[in-house]
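J.: For reference, the sequence and a predicted model appear below.
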Amino acid sequence: MIGNGKLHITFNTESIISGSCDRCLTDVSFKVPVSVDETIQVSDGEVVPDEELGPYSFVDGEDIDVDELILNEILVNFPAKILCQDDCKGICPVCGKNRNIEPCGCDDTVLDPRMAQFLDVFNSFKEVK
Ligand SMILES: [Zn+2]
Ligand SMILES: [Zn+2]
């Protein structure tokens, strides 16, 4: 990086990320596409900071930190939710079983607390009968 000019960095790759499913906590790995397209201005062997954004986080003196570039891209493309499959059934809130592996048949319908109270009354009423 000596002299003046523009340096255009482009490459496409993908990165494999591993994490755990947001719903069932199973380990999952998935691919995140990484496409880097950056132009930096070089003047007298020095990188000129971006007018709006300031110094580039991925440039350290004369070195370009490719890892940092890739990491930035990954963060941009990182999914908001990690799921082992789109229709992951998750862990049963009642018995704690992974419902993808074994359907447990628990009734986990989330009830309005007042409705639940009503059902309690209703159930005890049934028992009396
Ligand atoms: Zn899952
Ligand atoms: Zn269950």
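T.: Cool, got the structure. Numbering: from 1, shown residues only. Ligands and ions are numbered 1, 2, ... in the order given.

J.: Show the backbone phi and psi for the residue nearest the centre of the chain.
T.: Among the residues of the chain, the one closest to the centroid is residue 79, at 3.5 Å (C-alpha atoms, centre = their mean). With angles defined as degrees, to the nearest 10, residue 79 sits at phi -70, psi 150.

J.: Residue numbering should commence at 47 henceforth.
T.: With the count now opening at 47, the last piece we talked about shows up as residue 125.

J.: show me what contacts it?
T.: Residues in contact with residue 125 (C-beta atoms under 8 Å, 6 or more residues apart in numbering) are 76, 78. All C-beta spots, glycine's among them, are computed from the backbone N, C-alpha and C.

J.: model confidence over stretch 91-103, on average?
T.: Mean pLDDT, computed over stretch 91-103, is 86.

J.: and stretch 71-91, how far out from the chain's middle?
T.: Its chain's C-alpha centre and that of stretch 71-91 lie 15 Å apart, by C-alpha atoms, centre = their mean, to the nearest Å.

J.: buried ones in that stretch?
T.: Within stretch 71-91, the residues that count as buried by 16 or more other C-beta atoms under 10 Å are 72, 74, 78, 80, 84, 86, 88.

J.: Tell me the one of those residues nearest residue 155?
T.: residue 72 (24.0 Å; C-beta to C-beta).
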